[in-house]
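Engineer: Just the structure for this:
(one chain, ligands or ions: 1)
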Amino acid sequence: MSAPSTSCRIDVFWHDGMLNHDTGKGVFDTGMNPGFLEVLEKHPENSDRIRNIVSILSKGPISSYISWHSGSPATIHQLLSFHSQEYVDMLIEADKNGGKKEICCGTFLNPGSFNAALLAAGTTLSAMKYILDGYGELVYALVRPPGHHAQPTQADGYCFFNNAGLAVQLALDSGCKKVLVLDIDVHYGNGTAEGFYRSDKVLTVSLHMNHGSWGPSHPQNGTVDELGEGEGFGYNLNVPLPNGSGDKGYGYAMREVVIPAVEKFEPDMMVLVIGQDSSAFLKLNVVYPEVACYPPANRNCLKRVNI
Ligand SMILES: [Zn+2]
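Structural biologist: All right, here's what the predicted structure looks like:
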């Protein structure tokens, strides 16, 4: 582990075991071969995507600012801070039986997938702990499979364990009183929202394409009227955006909706879930990490965990 940072260093948490999650080939994300195609497509969530991020960070223009840290797998006990025992047991059993199972639409648990998911969750927790322990100012947990669709009791949208949700729970368990989750992945961060839907300790904010529900694994609509329940009523803020909204649309939504809500909530930790698919539909011209966390009370010392 590196010494505490006071510079512009970016601490990247990574483990190449996450490359062993093989999502297969087929027509888009179906894994199906109709038998008459010349070329089968790689699943949209494939290891090439993250291999290139590793390459960019290793060899690209900011490589000299990167300090690498090895991630480690989450324990089952850690997973249970967000997920139900029954759901985790189901995945353990599926893995013991050799994997090769479509857990839900387009979400494949193949041999190696479960261990990769444990590494993604554990690496994210390590990155959050690094921030909580006062190390680093910009920390990036580079992980796959992704997590923000995974709900406490079910997988969804290529996600098994909710990496951001686990990090939020660790922050709460470590003494943070109010945590903001801001998700700008192009899809609704339904799993994270569901996990904290009845909590007033976590404000979940999601800006996303207006895609609605996509089936039993994703019953949430992501509409503005999904506001939370019970003590959590008013603590889930959905901002659906039309395709092609672009930087100006995001900027307007941030200025008019998100920033006022964040300032009113006054979080002592912020978790930014920033997917890498927004550019295809919303044409954002920014670099996409996946999660950033920082305590806003100290804005001059911006601390982030990117996942
Ligand atoms: Zn997405």
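
Engineer: can you give me the helices in this protein?
Structural biologist: 47-59, 76-79, 85-96, 113-132, 163-173, 190-195, 246-253, 259-265, 278-282 (DSSP state H).

Engineer: who does the third one touch, helix- and strand-wise?
Structural biologist: Helices and strands in packing contact with helix 85-96 are listed as helix 76-79, strand 101-104, strand 107-109, helix 113-132; criterion 3 or more Cβ pairs under 8 Å, 6 or more residues apart in numbering; DSSP states H and E. (Glycine included, C-beta is placed from N, CA and C.)

Engineer: Tell me which of these sits nearest to the ion.
Structural biologist: Taking Cβ to the ion as the criterion, strand 107-109 is the member of those that comes nearest to the ion, at 12.8 Å.

Engineer: Give the partner strands of that closest one in its sheet and their orientations.
Structural biologist: Listed by DSSP bridges, the sheet partners of strand 107-109 and their directions read strand 101-104 (antiparallel).

Engineer: The ion contacts on the stretch 101-250 of the chain?
Structural biologist: When proximity is defined as Cβ under 5 Å from the ion, the stretch 101-250 of the chain approaches the ion at Asp185, Val186, His187.

Engineer: can you redo those as a markdown table with neighbour count?
Structural biologist: Formatted as a markdown table, those follow (neighbours: other Cβ atoms under 10 Å):
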| residue | neighbour count |
| --- | --- |
| Asp185 | 23 |
| Val186 | 20 |
| His187 | 23 |
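
Engineer: I'd like those residues as a markdown table, with pLDDT appended.
Structural biologist: Formatted as a markdown table, the entries for those read as follows, by pLDDT from 0 to 100:
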| residue | pLDDT |
| --- | --- |
| Asp185 | 90 |
| Val186 | 90 |
| His187 | 94 |
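
Engineer: Dump the helices and strands packed on helix 85-96 to JSON lines, plus distance to Ser58 and mean neighbour count.
Structural biologist: Formatted as JSON lines, the entries for these read as follows, by distance: least, Cβ to Cβ, whole Å; neighbours: other Cβ atoms under 10 Å:
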{"stretch": "helix 76-79", "distance to Ser58": "28", "mean neighbour count": "16"}
{"stretch": "strand 101-104", "distance to Ser58": "32", "mean neighbour count": "18"}
{"stretch": "strand 107-109", "distance to Ser58": "28", "mean neighbour count": "24"}
{"stretch": "helix 113-132", "distance to Ser58": "17", "mean neighbour count": "25"}
